[in-house]
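S.K.: Below: sequence and its predicted model.
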Amino acid sequence: MKTAAWTGLVLGSLLAGCGDGGGERPAPEGAADGGAREAVVTPSLLEAWLAEPGAAPGRTVSSPWPERIEVRSARRLAADRWEVAGEVVLMTSVEVARGGDAGRERVDLEVSRTAGGWRISGWSD
């Protein structure tokens, strides 16, 4: 299933660069050192992807894989919601060994504060 490829995304690398100078940034504990490695989507977004797998981001083959998301811009929509534009950086074993990346895909996200912390609540590529 394609969604399995995204469960390893790191919210810290996604959001550590967010901020508008006016308050809390949506980055979890351990984000600065890359320690936050977990599935980071809201239950409702995951349910939507499970109901319609073709709409879910991800891959159906082993390579390339999504390595990280590089944030290009972030805008606070509300105290508990951010709009994030970035690029999913793709990798293969060749790039891991030699450097560089295997491509990039644009992504627009909505990130929301939930009872469980900051989670991706919207995804558009």
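M.R.: All right, it came through fine.

S.K.: biggest helix in the chain, by residue count?
M.R.: Longest helix of the chain, by residue count under DSSP state H: helix 43-51.

S.K.: Would you mind listing the buried residues in the helix or strand that that helix is followed by?
M.R.: Per DSSP states H and E, the first helix or strand lying C-terminal to helix 43-51 is strand 65-78. Neighbour counts using 16 or more other Cβ atoms under 10 Å place Trp65, Pro66, Glu67, Arg68, Ile69, Val71, Ala74, Arg76 of strand 65-78 among the buried residues. The way it works is simple: take the backbone N, C-alpha and C, and place the C-beta from them, glycine included.

S.K.: for the record, mean pLDDT for strand 65-78?
M.R.: Strand 65-78 comes out with an average pLDDT of 92.

S.K.: follow-up on the earlier one: can you tell me which of the buried residues of strand 65-78 is closest to Leu46?
M.R.: Taking Cβ to Cβ as the measure, Leu46 lies nearest Pro66 of those, at 16.2 Å.
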